[in-house]
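# sequence below, structure please.
(one chain, ligands or ions: 3)
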Amino acid sequence: MRRVILKTGEQFSNKHLKRTGAFNAQAMAAATNIIEQVREQGDAALRELTEKFDGVKIDNFRVPAEAIEAAAAQVDPKTEAALQKAAKQIREFHERQVKQSWFSVREDGALVGAKVTPLESVGIYVPGGRALYPSTVLMNALPAAVAGVERIVCVTPPTKDGSIDPVVLEACRLAGVTEIYTVGGAQAVAALAYGTESIEPVCKITGPGNAFVAAAKKIVSGDVGIDMIAGPSEVCVVADETANPAMVAIDLMAQAEHDPLASCYLVTFDEEYADKVEAAVEQHMKSSTRAEITTASLADQGLIVICDSMEQAIQSVNVIAPEHLELHFDGAFEQLGAIRNAGAIFVGEWTPEAVGDYVAGPNHTLPTGGTARYASPLSTDEFIKHSSVIQYSAKSLANDADAVIAIARHEGLWAHARSVELRKALVETGDIYGLDGANE
Ligand SMILES: NC(=O)c1ccc[n+]([C@@H]2O[C@H](COP(=O)([O-])OP(=O)(O)OC[C@H]3O[C@@H](n4cnc5c(N)ncnc54)[C@H](O)[C@@H]3O)[C@@H](O)[C@H]2O)c1
Ligand SMILES: N[C@H](CO)Cc1c[nH]c[nH+]1
Ligand SMILES: [Zn+2]
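Numbering: from 1, shown residues only. Ligands and ions are numbered 1, 2, ... in the order given. Next comes the predicted model:
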């Protein structure tokens, strides 16, 4: 892994990072062509693109109900129990996020508030290129279901034999997905946004994916809602010399194995400790079943930052703004206040990031690429919208009339002012035209 050794008092900055930003011109160009093709040719384009990029022919994209039932029977009891446990804990966590409509009545009788409405339909992109992601089904579909979305559509690329992994199907069933389609990549995003003969469009698309999926989400955003661009996985581990290097190493590898573009950061305090972690990575790598991806990620995107104080370490974390942050040192909880930018924070050596990926309850769809500076984890908020509600009485209108009229006049908007003046006149004189010149 690349190393940066900070001098005393030196600030970690973006120049130390290799980040190229979320804009990928090549992927944007490819996704634009794919989206245009799907808009023009519908299902025929989905068939052609699936054959081209996934190497399989699909006649019917919709997974029939019988196949979903049959998949449940193929899931071994241990995996079924794990899915159910994860689903329960994820559901419970997200139930705490649910927003209610609210109304407040002022002293003058004016009522203001917000009416919360679940989105009618959402499309969930479940990645399927380099790994299977039943956990991503749970993390996206359960918050949608908890928020009250009625139509929850899942799209995911086919496996080599043209099917969908039974565990992914079972996760869909457990989480309340109402339609499943065997299609992935930018073409799936286009189908969800604009519809085809076999896929009805949705109001919003959520879920992570590779560069083509991310580019497609950016392009269709505005025509449909999108959640965030959750890109390649990232982890930043802050560890001092008391932390077990083998644990730190395996936690770095747990994100590196997602994608050669995944980014892993170790923030620590001396080079000798960093050497121990790198030696432990080598040791673990001997038994990794994903050594190629993991090695590529650590070599190309990995970074070790050597700091000389905890303050400098936390300052580095805040610049990295990682998707996942692990804290392996005594008194970690006390540093929470100083941490400004992180998607999810895992406190202490007994909290490997993997618990958050699967079962802890909080969402694993998190801001990546430094977007934790302004973005939050996926939540039920992504699946609802608010409508403002305003109800005035004659008294409350009279109370606010002069303020409205003054601002409307300044803006030069005659009818805005008049709409209030007329009502004020009616309250004061009982005559809607009691205003001088009102009936001109
Ligand atoms: N942040 C999160 O919550 C989270 C969760 C899970 C996965 N991830 C990330 O999601 C990503 C998943 O990527 P993936 O590739 O494994 O699966 P994917 O499903 O996103 O992409 C596979 C699809 O990409 C399309 N594709 C492949 N090559 C193409 C090309 N040359 N041109 C156009 N389209 C092409 C194909 O249609 C294929 O089906 C990884 O980066 C992983 O780290 C993130
Ligand atoms: N770590 C990923 C988010 O970056 C989520 C995930 C799913 N499965 C395993 N991991
Ligand atoms: Zn993961």
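
# and Arg373, how far from Pro367?
Per Cβ to Cβ, to the nearest Å, Arg373 is found 8 Å from Pro367. The way it works is simple: take the backbone N, C-alpha and C, and place the C-beta from them, glycine included.

# C-terminal to the helix or strand containing Ala70, what's the next element?
Counting by DSSP states H and E, the element that carries Ala70 is helix 65-74. Beyond helix 65-74 in the direction of the C-terminus, DSSP H and E gives the next helix or strand as helix 77-95.

# please see if that next one touches ligand 1.
No: using Cβ under 6 Å from any ligand atom, helix 77-95 stays clear of ligand 1, with a minimum separation of 13.1 Å.

# anything in that helix near ligand 2?
No: in this structure, helix 77-95 remains apart from ligand 2 according to Cβ under 6 Å from any ligand atom; the gap is never smaller than 10.7 Å.

# now that helix: buried residues?
Taking 16 or more other Cβ atoms under 10 Å as the neighbour-count basis, helix 77-95 is seen to contain the buried residues Ala82, Leu83, Ala86, Ala87, Gln89, Ile90, Arg91, Phe93, His94.

# overlap of the contact sets of Arg373 and Pro367?
Residues touching both Arg373 and Pro367 by Cβ atoms under 8 Å, 6 or more residues apart in numbering: Ala321.

# who has more neighbours, these two?
Set side by side, Arg373 and Pro367 give different neighbour counts by other Cβ atoms under 10 Å, the larger being at Pro367 (25 against 13).

# thought that one was touching Gly343?
Yes: the pair Pro367 and Gly343 qualifies as a contact (Cβ atoms under 8 Å) at a distance of 4.9 Å.

# list residues touching both of the two?
Joint contacts of Pro367 and Gly343 (Cβ under 8 Å, 6+ apart) are Glu323, Ala375, Ser376, Pro377.

# check those and tell me the two furthest apart.
When the shared contacts of Pro367 and Gly343 are compared pair by pair using Cβ to Cβ, the farthest-apart members prove to be Glu323 and Ser376, with a separation of 11.8 Å.

# out of the two, which sits in the more crowded spot?
When Glu323 and Ser376 are compared on other Cβ under 10 Å, the one with more neighbours turns out to be Glu323, at 29 against 14.

# is it true that the more buried one touches Ile345?
No: taking contact to mean Cβ under 8 Å, the distance of 10.9 Å between Glu323 and Ile345 leaves them out of contact.

# quick check on the residue lying closest to Lys85 once chain neighbours are set aside: phi, psi?
Using Cβ to Cβ, 6 or more residues apart in numbering and skipping the chain neighbours, the partner closest in space to Lys85 is Val359 (6.2 Å). The phi/psi pair for Val359 (degrees, to the nearest 10) reads phi -130, psi -20.

# report pLDDT for Val359.
Model confidence at Val359, expressed as pLDDT, equals 98.

# quick one: residues contacting it.
By Cβ under 8 Å, 6+ apart, Val359 lies in contact with Ala82, Lys85, Ala86, Gln89, Ile90.

# name the helix or strand for Phe212, please.
Secondary structure assignment for Phe212, by DSSP H and E: helix 211-220.

# show me what that helix is packed against.
Using 3 or more Cβ pairs under 8 Å, 6 or more residues apart in numbering; DSSP states H and E as the contact definition, the elements that helix 211-220 packs against are helix 25-41, helix 185-194, strand 225-226.

# neighbouring strands for the helix or strand just after the shortest one, and are they parallel or not?
The helix or strand immediately downstream of strand 225-226 is strand 234-239, counting by DSSP H and E. For strand 234-239, the pairing partners within the sheet under DSSP bridges are strand 263-268 (parallel), strand 324-328 (parallel).

# circling back: how about the CA coordinates for the helix holding Ala70, as PDB?
Included here for helix 65-74 are C-alpha records, laid out as PDB according to Å, rounded to 0.1, in the frame of the first residue of the first chain:
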ATOM      1  CA  ALA A  65     -43.800 -16.200  -8.800                       C
ATOM      2  CA  GLU A  66     -43.300 -20.000  -9.100                       C
ATOM      3  CA  ALA A  67     -39.500 -19.500  -9.500                       C
ATOM      4  CA  ILE A  68     -39.500 -17.300  -6.400                       C
ATOM      5  CA  GLU A  69     -41.300 -20.000  -4.400                       C
ATOM      6  CA  ALA A  70     -39.000 -22.700  -5.800                       C
ATOM      7  CA  ALA A  71     -35.900 -20.600  -4.800                       C
ATOM      8  CA  ALA A  72     -37.100 -20.500  -1.100                       C
ATOM      9  CA  ALA A  73     -36.900 -24.300  -1.100                       C
ATOM     10  CA  GLN A  74     -33.300 -24.300  -2.400                       C
END
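
# use 56 as the first number from now on
With the count now opening at 56, the last piece we talked about shows up as helix 120-129.

# list the contacts for Pro182?
Applying Cβ under 8 Å, 6+ apart, one finds that Pro182 lies in contact with Tyr188, Thr191, Thr211, Pro212, Gly239, Gly262, Pro263, Gly264, Asn265, Val268.

# what's the neighbour count on the third one?
It refers to Thr211. By the criterion of other Cβ under 10 Å, Thr211 has 30 neighbours.

# do the last one as well
Using other Cβ under 10 Å, Val268 has 28 neighbouring residues.

# can you list the contacts of Pro182 in a markdown table and add pLDDT and distance to ligand 1?
Formatted as a markdown table, the entries for those read as follows, by pLDDT from 0 to 100; distance: Cβ to the nearest ligand atom, whole Å:
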| residue | pLDDT | distance to ligand 1 |
| --- | --- | --- |
| Tyr188 | 94 | 5 |
| Thr191 | 97 | 5 |
| Thr211 | 97 | 7 |
| Pro212 | 97 | 3 |
| Gly239 | 97 | 3 |
| Gly262 | 94 | 8 |
| Pro263 | 90 | 3 |
| Gly264 | 89 | 3 |
| Asn265 | 87 | 4 |
| Val268 | 94 | 4 |
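
# for ligand 2, what's the nearest residue on the stretch 56-205 of the chain?
Using Cβ to the nearest ligand atom, Ser190 is the residue of the stretch 56-205 of the chain that sits closest to ligand 2, at 4.5 Å.
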